[in-house]
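[1] Return a 3D structure for these sequence lines:
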Amino acid sequence: MLILLLCILLNSLIGVFFKLFEKYSIDNFQAIVVNYLVCVLTAAIVYGGNPIPNDIYDRSWFWFASGLGVFFILVFNLFALTVQKTGIMTATIFQKMSLVAPSIIAIAFYHESSGLLKWLGIVLSVVAIVLISYDENKGDNKLPAVSNKNIWIYPTATFIGSCVIDSSIFLVEKHKLVTNGDIQFLASLFLFAGITGALILIYRILKTHTRLKFRNIVAGICLGIPNFFSIYLLLLALQQGWDGSLVFPVNNVGVLVLAAVSGIIFFKEKLSLIKLVGFILSLFAIFFISYSSW
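    Have a look, this model is predicted:
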């Protein structure tokens with residue numbers, strides 16, 4: 001359980017960082033590119049050497065790592081934009097609503113336990129997310145007005161992208177393509193993400209004469225360390241033998257609650273009565289899902 005709690009804490013910290021990026025005028029993309037390179041360096045320190053295997057092209061997970069690496073940087077940028085355009089609560093809500101994808105896959109295709117309490121917990125998770133999303137008052141935690149259809153692109157794309165990432169991580173572990181939080185897999189994934197981002201960044205620098213600023217590098221370093229461990233610990237939690245239909249709902253709802261608390265305390269985002277009910281339901285959801293899996 002400690003592994004999952006640390007994973008929740010680190011994921012929540014990432015949302016806070018993106019909100020701070022807006023405050024201090026950090027270039028999201030530059031920071032995210034640096035972040036992925038820092039993830040590779042962090043992996044090297046944890047691994048105790050070069051974490052990129054010489055026979056990387058022969059590894060069973062190569063195509064997963066390369067594809068997910070490209071997808072990671074796209075979705076990470078979408079999440080950053082969603083935080084800054086809709087508030088930390090709303091962005092985290094849409095990102096963490098992706099819990100439904102790996103949970104349904106785990107139960108429907110891998111026959112994980114699916115008692116009444118677990119289904120009730122998953123349904124409550126979704127209801128809690130909807131309630132926390134709703135706000136009839138103005139404020140930066142309020143969901144964008146339906147009439148402003150362009151704004152909806154960001155949270156919707158973040159949700160879809162997060163579903164793909166969460167499901168892919170679950171499938172990689174379920175098919176035993178990685179073991180013991182395989183650092184070589186993670187380092188390779190982050191390397192592909194970093195290379196993709198670096199190529200785009202170089203193009204931007206040459207095309208628009210964008211400058212790589214020192215503050216963006218510092219921001220990327222701060223982001224990279226918790227980002228590496230958030231994914232590493234998630235894989236470890238799955239490899240402890242816990243059901244994916246337990247890990248993803250508890251992790252995602254836990255991150256949602258912590259992100260909301262952070263938004264209220266540090267960024268003065270508002271908490272309505274409806275949102276409060278949503279948070280209470282989210283706690284019940286975590287309890288039901290956890291209890292049914294033990």
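[2] what helix or strand does residue 49 sit in?
    Assigned by DSSP states H and E, residue 49 falls within no helix or strand.
[3] do you know how far it is from residue 107?
    In this structure, residue 49 lies at 39 Å from residue 107, with C-beta to C-beta, to the nearest Å as the measure. Bear in mind the C-beta positions are built from the backbone N, C-alpha and C, glycine included.
[4] neighbour-wise, which of the two wins?
    The residue with more neighbours, out of residue 49 and residue 107 and counting by other C-beta atoms under 10 Å, is residue 107; that gives 18 against 7.
[5] is it true that the more buried one touches residue 115?
    No. In this structure residue 107 lies outside contact range of residue 115 using C-beta atoms under 8 Å: 10.2 Å.
[6] quick one: average pLDDT of stretch 19-39?
    In this model, stretch 19-39 has a mean pLDDT of 90.
[7] Thought residue 127 was touching residue 100, still the case?
    No. With contacts counted by C-beta under 8 Å, residue 100 stays clear of residue 127, the gap being 11.7 Å.
[8] Of the two, which one has the most company?
    Comparing residue 100 with residue 127 by neighbour count (other C-beta under 10 Å), the higher total belongs to residue 100, at 20 against 16.
[9] Spatially nearest residue to that one (excluding sequence neighbours)?
    For residue 100, the nearest residue in space outside its immediate sequence neighbours is residue 126; the separation is 6.4 Å by C-beta to C-beta, 6 or more residues apart in numbering.
[10] any idea how far the one you found is from residue 257?
    Per C-beta to C-beta, residue 126 is found 15 Å from residue 257.
[11] These two: which is more packed in?
    Comparing residue 126 with residue 257 by other C-beta under 10 Å, the one with more neighbours is residue 257, at 21 against 16.
[12] in which helix or strand would I find that one?
    Counting by DSSP H and E, the element that carries residue 257 is helix 244-267.
[13] for this protein, what helix or strand is lowest in average pLDDT?
    In the chain, no helix or strand scores lower on mean pLDDT, DSSP states H and E than helix 88-96, which sits at a mean of 72.
[14] ok, how many other residues are close to the nearest residue to residue 50 once chain neighbours are set aside?
    With C-beta to C-beta, 6+ apart as the measure, residue 44 is the residue that lies nearest to residue 50, at 6.4 Å, once sequence neighbours are left out. In terms of burial, residue 44 registers 15 neighbours under the definition other C-beta under 10 Å.
[15] where does the protein have low pLDDT?
    Across the chain, the stretches falling below the confidence threshold (pLDDT under 70) are 88-89, 92, 132-150, 179-181, 290-294.
[16] Now do the strands in it.
    Counting by DSSP state E, the chain has no strands to list.
[17] Could the C-alpha coordinates of stretch 159-169 be exported in CSV?
    Below are the C-alpha coordinates for stretch 159-169, written out as CSV (Å, rounded to 0.1, in the frame of the first residue of the first chain):
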residue,chain,number,x,y,z
PHE,A,159,-9.1,11.9,-21.1
ILE,A,160,-8.7,9.8,-24.3
GLY,A,161,-4.9,10.0,-24.2
SER,A,162,-4.8,9.0,-20.6
CYS,A,163,-7.1,6.0,-21.3
VAL,A,164,-4.7,4.8,-23.9
ILE,A,165,-1.6,5.2,-21.6
ASP,A,166,-3.2,3.6,-18.5
SER,A,167,-4.5,0.7,-20.6
SER,A,168,-1.2,0.2,-22.3
ILE,A,169,0.8,0.2,-19.1
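[18] In CSV, list the C-alpha atoms belonging to stretch 193-203.
    Taking only C-alpha atoms (Å, rounded to 0.1, in the frame of the first residue of the first chain), the coordinates of stretch 193-203 have been written out as CSV:
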residue,chain,number,x,y,z
ALA,A,193,9.6,10.7,-25.5
GLY,A,194,12.6,12.9,-25.0
ILE,A,195,13.9,12.3,-28.5
THR,A,196,10.5,13.1,-30.0
GLY,A,197,10.3,16.3,-28.0
ALA,A,198,13.8,17.3,-28.7
LEU,A,199,13.3,17.0,-32.5
ILE,A,200,10.2,19.1,-32.3
LEU,A,201,11.9,21.7,-30.1
ILE,A,202,14.9,21.9,-32.5
TYR,A,203,12.5,22.5,-35.3
